[in-house]
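K.L.:
Attaching a predicted model along with its sequence, questions to come.
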Amino acid sequence: MTYQPSNGINTTSLTVKKVKSNLRIILIFLALNLFSFSFWNCSSSPGPVISPEKQTSSSSGASDAEKKPAAKNLTTEEKPKTTTTQESPTKTEKTKLNSSFTELSVPEKKSEKDVSDSNSQEEEALDPTRCLELAWQAYQDAQTAWDKGDLDTALLALDEAFGFLLEADFPPDSPLIQDKNDLRLLIARRIQEIYASRISAVIDNHRSIPLEENKYVLAEIKNFQTKERSFFEGSYRRSGRYRPFILKELQKEGLPEQLSWLPLIESGFKVNAYSRARALGLWQFISSTGYRFGLKRDRWIDERMDFIKATKAAIQYLKELHSFFGDWTTALAAYNCGEFRVQKLIQAQRINYLDNFWDLYIMLPRETARFVPRFIATLLIISNPEKYGFSLPPPDPPLEFEIVEINKPFKLATLAKNLGIESKVLEELNPELRHKSTPDRIYSLRVPPGYGAKTLASLENISRWIPPEATYVVHYVRRGETLSTIAQRYRTTVSAIARLNRLRSLHLIRPGQRLKVPSRSGYLSSRPSSMSLTKEGEKLVYIVKRGDSLYRIARAFNTSVKRIKQMNNLSSNVLRVGQKLTIQEGIPGGAQVYVVKKGDTPYKIAQKFGMNLEVLLKINGLSRQSKIYPGQKLYVQANNN
């Protein structure tokens with residue numbers, strides 16, 4: 001096979017000898033890999049940067065067809081046939097490159113006689129600008145071959161383009177150096193895409209997931225047959241509510257329909273499932289990944305719990321992972337524990353990971369290692385339940401609804417009462433509403449079919465309702481503490497703490513764990529009541545307790561670690577129980593002394609001097625539980641708001 005340049009120029013006489021072999025291509029690929037690695041960042045790396053204003057899309061999972069320049073016309077674009085999920089150079093990149101190369105004055109196509117007569121002249125005087133022009137034309141030919149699925153010709157054309165780039169030797173101050181570098185990156189990216197697509201085509205079917213019944217899969221099948229049988233059957237029953245929509249979206253994106261069973265393993269088809277890793281919803285997104293794929297979260301809503309929005313986000317994430325790793329088993333492992341962790345393990349094992357996922361399996365975290373065989377076990381059982389001893393229950397009917405645009409905050413229970421239906425119906429259709437109430441803005445509310453007009457008519461009779469601001473204290477668990485002792489310290493209940501932190505167990509907490517503890521009033525304390533100061537002369541002193549640290553003490557009393565160390569001549573961060581630390585020394589800046597009178601309270605004194613109560617308590621080493629007495633001297637700051 002030979003590559004014929006579309007511009008009609010006889011290139012065999014050029015000074016660079018272009019070897020059309022796979023070895024040459026591999027060497028080019030390795031040489032360019034350093035420059036193009038950033039494009040293959042597994043999450044959201046941008047495309048090649050042409051100039052500061054030429055930004056490209058970061059959705060590496062997208063498969064939308066993009067316009068590409070034609071091979072024989074530098075300013076003409078045509079739509080390719082989409083043959084891969086890899087991202088092609090964007091229209092912006094190619095338009096700007098086209099404009100640069102158009103300025104190079106491309107000569108008209110010559111006859112064979114003219115070409116023959118000019119061969120010797122070209123061989124002697126092929127200037128860098130002409131080389132860059134020919135490199136761009138060869139790259140466009142590669143694009144055309146890529147669109148037609150002719151990968152071999154595409155590689156040969158890229159080899160030709162790279163050869164011309166080697167000849168384009170510009171002076172350091174030439175404005176075309178940037179165009180040369182941009183084209184070099186485009187060539188590198190295309191070579192990587194071609195080789196990745198070749199590997200995927202050989203070892204993986206894009207539309208199916210290999211079902212290997214090995215010992216790991218059989219172990220998970222046994223779990224589903226015994227101790228997890230009720231979970232499996234319950235999850236299968238719930239799948240009917242959401243799976244029809246999931247299938248529709250998968251078919252639209254051309255992904256394996258088997259992926260529609262992924263939520264069975266992730267969440268048991270529960271839209272409000274919450275994991276220890278703080279992953280939420282049907283598809284178990286953590287906050288950062290959800291945000292990356294467009295799932296919003298605020299005081300009113302959390303779209304990770306919305307079965308429609310989360311499904312679309314999950315499909316885009318899965319497409320991105322598959323396009324990067326090349327096979328579904330590795331992509332699914334990355335979906336569970338993160339692409340960066342899987343990529344790091346792959347680089348460490350130094351083998352061809354694309355055709356040997358089970359070598360990677362033993363190196364994964366236990367929960368992730370089980371994820372893929374559990375999913376394969378699920379597919380095997382569902383495809384042939386009788387073989388594995390199952391009689392699966394009928395799936396629930398799919399959720400049906402119509403959408404009503406509303407602009408009023410109210411409780412779903414109130415609307416349900418007006419409509420004569422159970423509030424559970426509205427809650428199931430609108431799971432993203434965190435407080436089971438609509439937000440104070442325009443919102444698309446889902447209601448049962450036939451209830452749209454009735455909903456709009458009943459809005460006038462429904463009162464506005466805005467949930468109260470959540471107030472809580474952050475507490476870090478110390479060794480020996482239990483939920484009961486923590487609840488007692490903050491004057492709340494164990495169930496309230498468990499509910500606020502979504503704890504599965506009331507008995508399993510660990511030292512260092514961060515807990516939100518409900519506050520009984522609107523006051524958000526930055527420290528527990530046990531952290532109080534004592535007054536010694538003009539000093540405010542804190543006595544170190546077990547579990548304290550300089551950071552925790554500084555945060556509790558609104559100071560800094562550096563200041564505490566300076567005031568107490570500390571050379572390290574090591575503390576000992578019972579140690580006295582000076583937190584404040586002398587009269588605070590702008591303060592004066594006030595002598596407490598009979599009938600005074602901290603609140604009255606703060607009001608009298610226009611102070612914030614918390615400021616008064618802080619500068620005097622008091623807490624809300626502290627008592628004051630007549631004759632006691634307190635620091636006050638007049639007109640401090």
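P.N.:
That came through, no problem.

K.L.:
Please tell me how far Leu533 sits from Ile543.
P.N.:
Distance from Leu533 to Ile543, counting by C-beta to C-beta, to the nearest Å: 9 Å. The C-beta positions use only the backbone N, C-alpha and C, and glycine is treated the same way.

K.L.:
Would you mind telling me which of the two has more residues around it?
P.N.:
Taking neighbours as other C-beta atoms under 10 Å, Leu533 and Ile543 compare with Leu533 leading, 24 against 14.

K.L.:
where along this structure do the strands fall?
P.N.:
68-69, 77-78, 402-406, 443-447, 472-476, 514-518, 534-536, 539-543, 580-585, 592-595, 633-636 (DSSP state E).

K.L.:
Using TSV, lay out these together with mean pLDDT and distance to Trp300.
P.N.:
Shown next, in TSV, are these (pLDDT from 0 to 100; distance: least, C-beta to C-beta, whole Å):
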stretch	mean pLDDT	distance to Trp300
strand 68-69	38	43
strand 77-78	37	44
strand 402-406	95	13
strand 443-447	96	8
strand 472-476	80	18
strand 514-518	86	19
strand 534-536	75	44
strand 539-543	84	40
strand 580-585	84	40
strand 592-595	86	45
strand 633-636	82	41
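
K.L.:
To Gly338, which of these lies closest?
P.N.:
With distances scored as C-beta to C-beta, the stretch of these nearest to Gly338 is strand 514-518 (20.8 Å).

K.L.:
That closest one: partners in the sheet, and parallel or antiparallel?
P.N.:
According to DSSP bridges, strand 514-518 forms sheet pairs with strand 472-476 (antiparallel).

K.L.:
Report the buried residues of the strand it pairs with.
P.N.:
By 16 or more other C-beta atoms under 10 Å, the buried positions in strand 472-476 come out as Tyr472, Val473, His475.

K.L.:
count of residues packed around the closest residue to the second one other than its chain neighbours?
P.N.:
Counting by C-beta to C-beta, 6 or more residues apart in numbering, the nearest residue to Val473 once its immediate chain neighbours are dropped is Val517, at 4.7 Å. Look at Val517: counted by other C-beta under 10 Å, it has 21 neighbours.

K.L.:
follow-up on the earlier one: what about the strands of the chain, which gets the closest to Lys424?
P.N.:
Comparing those by C-beta to C-beta, strand 443-447 comes nearest, at 13.4 Å.

K.L.:
picking that back up, the residue nearest to Val473 and Arg299, how far apart?
P.N.:
Applying C-beta to C-beta to Val517 and Arg299 gives a distance of 20 Å.

K.L.:
How about Gly149?
P.N.:
50 Å.

K.L.:
Using CSV, lay out the buried residues of strand 472-476 together with distance to Leu295.
P.N.:
Listed next are the buried residues of strand 472-476 as CSV, based on distance: C-beta to C-beta, whole Å:
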residue, distance to Leu295
Tyr472, 24
Val473, 29
His475, 29
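
K.L.:
so how far is the first residue of stretch 266-280 from its last?
P.N.:
The first residue of stretch 266-280 is 10 Å away from its last residue (C-alpha to C-alpha, to the nearest Å).

K.L.:
quick one, what contacts Ser549?
P.N.:
The contact partners of Ser549, by C-beta atoms under 8 Å, 6 or more residues apart in numbering, come to Asn573, Leu575.

K.L.:
okay, and for the chain, where does confidence drop off?
P.N.:
1-126, 192, 195-207, 347-356, 468-471, 519-530, 558, 586-590, 624-625, 638-641 (pLDDT under 70).

K.L.:
Would you state the helices of the stretch 301-450 of the chain in chain order?
P.N.:
Per DSSP state H, counting those that start in this stretch, the stretch 301-450 of the chain carries helices over the ranges 307-325, 328-337, 339-349, 357-361, 366-383, 412-419, 423-429.

K.L.:
what's the most buried one of those helices?
P.N.:
Highest mean neighbour count of the helices of the stretch 301-450 of the chain: helix 328-337, a mean of 24 (counted as mean count of other C-beta atoms under 10 Å).

K.L.:
quick one: that helix to chain centroid distance?
P.N.:
15 Å (C-alpha atoms, centre = their mean, to the nearest Å).

K.L.:
thinking again about what came up before, to Thr311, which of the strands of the chain lies closest?
P.N.:
strand 443-447 (14.6 Å).

K.L.:
For that closest one, give me every contacting residue.
P.N.:
Against strand 443-447 from outside (C-beta under 8 Å, 6+ apart): 401-407, 419, 426, 429-430, 438, 455.

K.L.:
switch to 7 Å and redo it
P.N.:
Phe401, Glu402, Ile403, Val404, Glu405, Ile406, Leu426, Leu429, Asn430, Thr438, Thr455 (C-beta atoms under 7 Å, 6 or more residues apart in numbering).

K.L.:
I'd like those residues laid out as TSV, including distance to Ile605.
P.N.:
Shown next, in TSV, are the contacts of strand 443-447 (distance: C-beta to C-beta, whole Å):
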residue	distance to Ile605
Phe401	58
Glu402	60
Ile403	56
Val404	54
Glu405	53
Ile406	48
Leu426	50
Leu429	54
Asn430	49
Thr438	44
Thr455	54
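
K.L.:
So which residue is smack in the middle of this structure?
P.N.:
For the chain, the residue nearest the mean C-alpha position is Thr289 (1.8 Å; C-alpha atoms, centre = their mean).

K.L.:
Report the spatially closest residue to that residue, excluding sequence-adjacent ones.
P.N.:
Tyr317 (7.0 Å).

K.L.:
again, but for Lys598
P.N.:
Per C-beta to C-beta, 6+ apart, closest to Lys598 is Pro630, 4.8 Å.

K.L.:
Can you name the residues that contact the one you found?
P.N.:
Val596, Lys597, Lys598.

K.L.:
Neighbours of the second one, how many?
P.N.:
The one in question is Lys597. 11.

K.L.:
Same check on the first one?
P.N.:
Using other C-beta under 10 Å, Val596 is surrounded by 16 other residues.

K.L.:
Who are the contact partners of it?
P.N.:
By C-beta under 7 Å, 6+ apart, the neighbours of Val596 are Ile628, Tyr629, Pro630, Gly631, Gln632, Leu634.

K.L.:
shouldn't Leu613 be in contact with Ala606?
P.N.:
Yes - when contacts are counted by C-beta atoms under 7 Å, Leu613 is listed as touching Ala606 (4.5 Å).

K.L.:
okay, those two: which has more neighbours?
P.N.:
The neighbour count for Leu613 versus Ala606, taken as other C-beta under 10 Å, is higher for Ala606 (19 against 16).

K.L.:
and that one, what is it in contact with?
P.N.:
Asn612, Leu613, Leu616.

K.L.:
The same query, at a cut-off of 6 Å, please.
P.N.:
Ala606 makes contact with Leu613, Leu616 under the criterion C-beta atoms under 6 Å, 6 or more residues apart in numbering.
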